[in-house]
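S.K.: Structure, please.
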Amino acid sequence: MKILTINPGSTSTKVAVFEDEQLLHSKTLRHSTEELAPFQKLTDQFEFRARIVEEFLKEVGIEPNDLAAVVGRGGLLDPIPGGTYKVSEDMLEILREGKNGEHASNLGALIAYEFTKKYGIPSFIVDPVVVDELEPLARYSGHPMFKRKSIFHALNQKATARMAAAQLGKTYEEVNLIVVHMGGGISIGAHRRGKVVNVNNALDGDGPFTPERSGTLPLTQLIDLCFSGKYTLDEMKKKIKGAGGMVDYLGTNDGLTVQQRIREGDKEAELVYKAMAYQIAKWIGKMAAVLKGEVDAIVLTGGLAYDKEFMVKWLTEYVSFIAPVLVFPGGDEERALAMGALRVLRGLEQAKNYAENVLKI
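M.R.: As a prediction, this is how the structure comes out:
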């Protein structure tokens, strides 16, 4: 069964075709600033991106009617449990309006559904960033006006958790794992028997600092700065996401650059990079407490998990007393999307209905 996956990012669209578990073709379609300049909103890019996805299929010699399914990366929907969802009109309406914010991933379902309309091919999304399986205790923030939200790298976290469970000779539903996705943002999730019962909000200033996000900041100092008159709202938000964390300390968000600076004797770079590992380890410890110490493995994934010389080594030193550390570098989101659809096509899972699963939180 051939499956097309569509993973839109801010300046690229990653596309791939799988035949069952085998990758047949993949390509990153990059979009220049000039190409995207005419579009006011992200959703205005829909026709442009849909067209080049079809051109990719022509380039690799695959007819749309040869596809068994098309899978798009899920966007900023209302909170839902994890799983594979059939793309539906009510889902698309939320994404078109940008009800929960604009994000390139909002285009994934829109483009996938175009294949349903034109060719009658089933379209799905899998484990979008808004997957919410928090246990009730995890929703408390410390003040009734604020509720903790579940926004994290659900697609890669769950796909990697399934691989880790398989390596342990068990199913995802049989294990307790702490999964650490380390990219530009970092999310650390407590997976209990197939559900992510607690996780830091990786998008909105919660958790360890990351290559380009501040993570949790001292609250009173943050309030004082907000009311100092020195910064606009947008500038303050930028400090939390995009211009915070490692990039603000060291002037780069590139882990490879920092690792090289450490090798060349840059003590400041080493201290900051190690502080990031220290904060990640603290959050792993928090999630171990959530799981009451019953942890089958700690799973490291994302781009920084390639760094066995520093990051993986330091984290292992800090947390290996909790459970064995398994490392799955990178994150194959296209494969994760395809496997989500394949489980449905093979009857191993039922495709979920979005409207029936939206959580009333």
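S.K.: Could you use CA atoms for every contact and neighbour count after this?
M.R.: Fine.
S.K.: Against residue 167, how distant is the closest residue to residue 332 other than its chain neighbours?
M.R.: The shortest distance from residue 332 to any non-neighbouring residue, by CA to CA, 6 or more residues apart in numbering, is to residue 156 (7.2 Å). Counting by CA to CA, to the nearest Å, the gap from residue 156 to residue 167 is 16 Å.
S.K.: what about those two, which has more around it?
M.R.: Applying other CA atoms under 10 Å to residue 156 and residue 167 shows that residue 156 carries more neighbours, namely 26 against 11.
S.K.: State whether the more buried one is indeed within a strand.
M.R.: No: counting by DSSP: H, G, I helix; E, B strand; the rest coil, residue 156 is not part of a strand but helix.
S.K.: Pretty sure residue 330 is one of the things it touches, is it not?
M.R.: No: between residue 156 and residue 330 there is no contact under CA atoms under 8 Å: 9.1 Å.
S.K.: ok, now which ones touch residue 90?
M.R.: Neighbour list for residue 90: residue 355 [criterion: CA atoms under 8 Å, 6 or more residues apart in numbering].
S.K.: C-terminal to whichever strand or helix holds it, what's the next element?
M.R.: Following DSSP states H and E, one finds residue 90 within helix 89-97. Once the chain leaves helix 89-97, the next helix or strand it forms, by DSSP H and E, is helix 106-119.
S.K.: Can you read off the pLDDT for the closest residue to residue 226 other than its chain neighbours?
M.R.: Counting by CA to CA, 6+ apart, residue 226 lies nearest to residue 236, which is 7.0 Å off, once chain neighbours are set aside. Looking at residue 236, its pLDDT is 94.
S.K.: Residue 236 and residue 340, how far apart?
M.R.: 38 Å.
S.K.: Which stretches in the stretch 101-250 of the chain count as helices?
M.R.: In the stretch 101-250 of the chain, the segments counted as helices under DSSP state H, counting those that start in this stretch are 106-119, 154-167, 219-226, 233-240, 246-250.
S.K.: about what we covered before: okay, the residue nearest to residue 332 and residue 355: tell me how far apart.
M.R.: 24 Å.
S.K.: Pull the contacting residues for the nearest residue to residue 205 once chain neighbours are set aside.
M.R.: In this structure, residue 205 finds its nearest non-sequential neighbour in residue 215, 4.5 Å apart by CA to CA, 6+ apart. By CA under 8 Å, 6+ apart, the contact list for residue 215 reads 202, 204-209, 240, 245.
S.K.: which phi and psi does residue 215 have?
M.R.: phi 70, psi -160 (degrees, to the nearest 10).
S.K.: What score does it have for pLDDT?
M.R.: pLDDT, read off for residue 215, is 95.
S.K.: If we only consider the contacts of residue 215, which is nearest to residue 162?
M.R.: Set against residue 162, the nearest of the contacts of residue 215 by CA to CA is residue 202 (20.9 Å).
S.K.: And stretch 347-361, how far out from the chain middle?
M.R.: Between the centre of stretch 347-361 and the centre of its chain there are 19 Å (CA atoms, centre = their mean, to the nearest Å).
S.K.: how long is it from one end to the other?
M.R.: 30 Å.
S.K.: Any idea how many residues pack against residue 184?
M.R.: 21.
S.K.: Quick one: residues contacting it.
M.R.: Here residue 184 is in contact with 210-213, 253 (criterion: CA under 8 Å, 6+ apart).
S.K.: do the same with residue 66
M.R.: residue 2.
S.K.: Same question for the one 10 residues further on.
M.R.: Residue 76 sits next to 95, 98, 100-103, 105-106, 128-130 when contact means CA under 8 Å, 6+ apart.
S.K.: same question, residue 352
M.R.: 83-86.
S.K.: what about it, distance to residue 144?
M.R.: For residue 352 relative to residue 144 (CA to CA), the value is 32 Å.
S.K.: Give me the longest helix you can find in the protein.
M.R.: helix 267-290 (DSSP state H).
S.K.: Against which helices or strands is that one packed?
M.R.: strand 176-182, strand 186-192, strand 195-199, helix 246-250, helix 255-263, helix 311-319 (3 or more CA pairs under 8 Å, 6 or more residues apart in numbering; DSSP states H and E).
S.K.: Now do the domain split for the protein, please.
M.R.: 2-130+333-346, 143-327 (the TED database).
S.K.: right, and residue 115 touches residue 108 too?
M.R.: No: counting by CA under 8 Å, residue 108 is not a contact partner of residue 115; they are 11.6 Å apart.
S.K.: Give the residue from those two that has the larger number of neighbours.
M.R.: Neighbours per residue (other CA under 10 Å) separate residue 115 from residue 108, with residue 108 holding more: 27 against 21.
S.K.: Name the nearest residue to the more buried one, sequence neighbours excluded.
M.R.: residue 72 (4.1 Å).
S.K.: By mean pLDDT, point me to the weakest helix or strand of the chain.
M.R.: helix 33-36 (a mean of 84; mean pLDDT, DSSP states H and E).
S.K.: Residues in contact with that helix: which ones?
M.R.: 11, 45.
S.K.: and the helix or strand following that helix, how far from the chain's centre?
M.R.: Downstream of helix 33-36, the next assigned helix or strand under DSSP H and E is helix 46-59. Centroid separation for helix 46-59 versus its chain: 24 Å, with CA atoms, centre = their mean.
S.K.: Can you give me the neighbour number for residue 258?
M.R.: So residue 258, with other CA under 10 Å, has 21 neighbours.
S.K.: That one and residue 245: what is the separation?
M.R.: 13 Å.
S.K.: if we can go back for a sec, now, the most widely separated pair of the contacts of residue 184?
M.R.: 213 and 253, at 9.5 Å, using CA to CA across the contacts of residue 184.
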